[in-house]
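below are the sequence and a predicted model; questions follow.
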Amino acid sequence: MKPEDYLDEFLIELRAQLASDDKRWGDTWLKRPKKGQADRVYERIREYYMDARMAEKLLDMTKEEPTFIDSLPWLKITGEALIGWIRERYPEEFPEH
């Protein structure tokens, strides 16, 4: 068993996530400058992590047993990584603003 064995299923789900993101955000990703993109991606991942920790705390307020949310929105994180990869792979298509 290897990670690439899961690529077909992952790509189906990633396409669905990207379509959902496109409905919500449109082409705003095209307007962001390449400069600082690594910091933006890091910040988004940190926000996802902090959101998960906050959800844990809220759930813990209603339960006696601690709750651990050991998941992040991996498809959204992959979408952020894909945007960074595209911008670095095809810089001629993304002139600096």
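Nice, thanks for sending it over.

how many residues are close by Ile83?
Around Ile83 there are 19 other residues, counting by other C-beta atoms under 10 Å. Where C-beta positions appear, they are placed from N, C-alpha and C, glycine not excepted.

helix, strand, or coil at the closest residue to it other than its chain neighbours?
Using C-beta to C-beta, 6 or more residues apart in numbering and skipping the chain neighbours, the partner closest in space to Ile83 is Trp29 (5.2 Å). Under the three-state scheme (DSSP: H, G, I helix; E, B strand; the rest coil), Trp29 adopts helix.

please apply the same query to Leu11.
Leu11 carries the three-state label helix when classified by three-state DSSP.

now do the closest residue to Arg40 other than its chain neighbours against Pro95, distance only.
Leaving out its chain neighbours, the residue that sits closest to Arg40 by C-beta to C-beta, 6+ apart is Arg32, at 7.1 Å. Here Arg32 is placed at a distance of 12 Å from Pro95 (C-beta to C-beta, to the nearest Å).
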